[in-house]
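Undergrad: using only what follows, build the 3D model:
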Amino acid sequence: MLLEANRINVNIGPVQVLRNLTINIEKGETISLVGRNGAGKTSTIKSIIGLYQVKSGKIIFDGQEITTVPPHVRATELGIGYSPEDSRVFPDLTVEENIKLGIWLSRRIKDEKEIEEIIFSIFTEIKKLWKRRGLYCSGGEKKMVSIARALALKPKLLLLDEAFEGLAPIVVDRFIKAVNQIKEMGIAILVAESNVNNAARVGERLYAIDRGEIIYEGEPQKIFQDQTLLNIIRGY
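TA: Alright, predicted model coming up:
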């Protein structure tokens, strides 16, 4: 098992945002975490990367408990890549600088050229953006840069928070192709997604979350057989 989040509880101020949440991810597995806005998807991702403090429960990554390990160590040393919902591309840095920033902070990555080849093989479009400042990238391009930056750290697990949100259907298809290419590299992926149809297209297994609790775990296609569950996920 690569990741085990065991019965974790997380509070933001007085509000409990995760309740006894358990998620497991095998090495090389792609998992979808689906739920309406505010259901707890981002809170789950931020707890795994360490941006939210876990009140109780444990997070174990690659055999090591990381519940209290700082986020920068999880990212640069342990092999957890993170692409946030809002991309967080630095506007005054070039695309190249945005992507290589993590490499410069990591002691694990030695060969920048190897990383460039990996990124260009998955996101060929990034070549023409390489010297462009982040300020002048479109929303879809920023998401691409954000994923590439996380991938540059050669992660064992890649966390993608709403990677397809706000994208045209043809661009979503392009990103799903990229996710499949990353999976073929043996990297495990956790995709947090509001659109249940997109979530079912990428995940080998699917978790559904509502009010900070897991309400479904299983095969993605089986979720469409439960209309009540679909209504909860879609916020009806």
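Undergrad: can you point me to the longest helix in the chain?
TA: Determined from DSSP state H, the single longest helix within the chain is helix 169-184.
Undergrad: output the contacting helices and strands for that helix.
TA: In terms of contacts (3 or more C-beta pairs under 8 Å, 6 or more residues apart in numbering; DSSP states H and E), helix 169-184 is packed against helix 112-122, helix 139-151, strand 188-193, helix 196-202. Where C-beta positions appear, they are placed from N, C-alpha and C, glycine not excepted.
Undergrad: between helix 112-122 and the helix or strand of the chain with the lowest mean pLDDT, find me the angle.
TA: Counting by mean pLDDT, DSSP states H and E, the chain has its least confident helix or strand at helix 95-105, which shows a mean of 87. Counting by axes from the mean of the first three to the mean of the last three C-alpha atoms, to 10 degrees, helix 95-105 lies at 130 degrees to helix 112-122.
Undergrad: going by contacts, tell me the helices and strands next to helix 95-105.
TA: Counting by 3+ C-beta pairs under 8 Å, 6+ apart, helix 95-105 packs on helix 112-122, helix 126-129, helix 139-151.
Undergrad: hey, which of the ones you listed is tucked in deepest?
TA: Burial of the helices and strands packed on helix 95-105 is given as mean neighbour count (mean count of other C-beta atoms under 10 Å); helix 139-151 ranks first at a mean of 23.
Undergrad: list of residues touching that helix?
TA: For helix 139-151, contacts defined as C-beta atoms under 8 Å, 6 or more residues apart in numbering pick out 81-84, 87-89, 95, 98-99, 101-102, 118-119, 122-123, 125-126, 129, 134, 137, 158-160, 163, 166-168, 171, 175, 178, 182, 187.
Undergrad: my read: L157 touches I25, true?
TA: Yes. Look at L157 against I25 with C-beta atoms under 8 Å: they come within range, at 6.7 Å.
Undergrad: please say which of those two ends up with more neighbours.
TA: L157 (26 against 22; other C-beta atoms under 10 Å).
Undergrad: on that earlier part again, quickly list what's touching both of L157 and I25.
TA: Common contacts of L157 and I25, defined by C-beta under 8 Å, 6+ apart, comprise L2, L3, A188, L190.
Undergrad: doesn't D161 make contact with E193?
TA: No. Between E193 and D161 there is no contact, the gap being 9.0 Å when judged by C-beta under 8 Å.
Undergrad: name the residues contacting each of those two.
TA: K41.
Undergrad: per-residue pLDDT, V172?
TA: On pLDDT, V172 comes in at 92.
Undergrad: again with R107
TA: According to the prediction, R107 has pLDDT 68.
Undergrad: from here on, call the first residue 830.
TA: From this message on, residue numbering opens at 830, which makes the last subject R936.
Undergrad: other residues contacting stretch 1037-1044?
TA: Under the contact criterion C-beta under 8 Å, 6+ apart, stretch 1037-1044 has outside partners 839, 845-852, 862-865, 868-870, 872-873, 1036, 1045-1046, 1052, 1058, 1061-1062.
Undergrad: and S861, that one's in a strand?
TA: Yes. Under DSSP: H, G, I helix; E, B strand; the rest coil, S861 sits within a strand.
Undergrad: quick one: residues contacting it.
TA: S861 makes contact with V1020, E1022, A1028, A1029, V1031, G1032, R1034, L1035, Y1036, P1049, according to C-beta under 8 Å, 6+ apart.
Undergrad: what about 7 Å?
TA: V1020, E1022, A1028, A1029, V1031, G1032, L1035, P1049 (C-beta atoms under 7 Å, 6 or more residues apart in numbering).
Undergrad: now a ChimeraX select for only the buried ones of those.
TA: Buried residues within the contacts of S861, by 16 or more other C-beta atoms under 10 Å, are selected in ChimeraX with:
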select :1020,1022,1028,1029,1031,1032,1035,1049
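Undergrad: all set, thanks.
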